[in-house]
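need a 3D model of the following:
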Amino acid sequence: QSQAPETLNTLRYAAQARRIVNQVVINEDPSAALVQALQEEMQVLRLQLQEAQAPPRDALSPRPSEEVERLRNKLLFSERLTEELKEHLEVERKEWEAKYTAIAEVHSESVTKAEGAEQRLQAAQASLERKVAEVAALNQILLE
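Model prediction:
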């Protein structure tokens, strides 16, 4: 009877644990994903442009030059956007590298300072132990 509340709490916990669902998320930089999508779009546009520039198979259905120009402009826009994003990613990468380097330097300095403080503390502790031993010896002499 005294274990009933504990058992009930355990069962509630187990029921709650069964409801937990892991959601997998790909660890991908959104900018890199956008660059990849734009590169794929550029490939599709290049293919469309090649098809538009190819001589028509059927003389009755020639592609209008406006369509070719529209595809060319869209391709150029995508290429420019991709280049801008690549440059932006490179700038961000360099900024992160600089931040990482700065953090690593601060960490190294902190470790060096901590090691120095530890050595000073150990020296002070050894000195204190020697003095305690000296005082104990003097105290022993005085008691005799």
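
how far out from the middle of the chain is stretch 65-77?
Averaging C-alpha positions (C-alpha atoms, centre = their mean, to the nearest Å) puts stretch 65-77 38 Å from its chain's average.

that stretch - what's its average pLDDT?
Mean pLDDT, stretch 65-77: 85.

so where is this protein shaky, pLDDT-wise?
Scanning the chain for pLDDT under 70 picks out 1, 55-64.

could you pull out the strands for it?
Ranges of strands within the chain: none, based on DSSP state E.

mind jotting down where the helices sit in it?
Ranges of helices within the chain are 4-18, 30-53, 65-143, based on DSSP state H.

same for the longest one, what does it pack against?
Packed against helix 65-143 by the contact rule (3 or more C-beta pairs under 8 Å, 6 or more residues apart in numbering; DSSP states H and E) you find helix 30-53. (Glycine included, C-beta is placed from N, CA and C.)

just checking, what packs against the helix it packs on?
Using 3+ C-beta pairs under 8 Å, 6+ apart, the elements in contact with helix 30-53 are helix 65-143.

distance between the helix it packs on and the chain's centre?
Relative to the mean C-alpha coordinate of its chain, helix 65-143 is positioned 15 Å out (C-alpha atoms, centre = their mean).

now the helices of the chain as CSV including mean neighbour count and distance to residue 24?
Compiled in CSV, those are given as follows (neighbours: other C-beta atoms under 10 Å; distance: least, C-beta to C-beta, whole Å):
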stretch, mean neighbour count, distance to residue 24
helix 4-18, 9, 19
helix 30-53, 14, 16
helix 65-143, 11, 25
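
using PDB, write out every CA atom in stretch 36-56.
Output in PDB follows, covering the C-alpha atoms of stretch 36-56 (Å, rounded to 0.1, in the frame of the first residue of the first chain):
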ATOM      1  CA  GLN A  36      23.100  23.900 -54.000                       C
ATOM      2  CA  ALA A  37      19.500  24.600 -55.000                       C
ATOM      3  CA  LEU A  38      20.600  27.500 -57.200                       C
ATOM      4  CA  GLN A  39      23.300  25.400 -58.900                       C
ATOM      5  CA  GLU A  40      20.700  22.800 -59.700                       C
ATOM      6  CA  GLU A  41      18.400  25.500 -61.100                       C
ATOM      7  CA  MET A  42      21.300  26.900 -63.200                       C
ATOM      8  CA  GLN A  43      21.900  23.400 -64.600                       C
ATOM      9  CA  VAL A  44      18.200  23.100 -65.600                       C
ATOM     10  CA  LEU A  45      18.300  26.600 -67.100                       C
ATOM     11  CA  ARG A  46      21.400  25.800 -69.100                       C
ATOM     12  CA  LEU A  47      19.700  22.700 -70.500                       C
ATOM     13  CA  GLN A  48      16.600  24.700 -71.400                       C
ATOM     14  CA  LEU A  49      18.800  27.400 -73.000                       C
ATOM     15  CA  GLN A  50      20.600  24.700 -75.100                       C
ATOM     16  CA  GLU A  51      17.200  23.300 -76.100                       C
ATOM     17  CA  ALA A  52      16.000  26.800 -77.000                       C
ATOM     18  CA  GLN A  53      19.100  27.600 -79.100                       C
ATOM     19  CA  ALA A  54      19.100  24.200 -80.900                       C
ATOM     20  CA  PRO A  55      17.600  24.200 -84.300                       C
ATOM     21  CA  PRO A  56      14.000  23.200 -84.200                       C
END
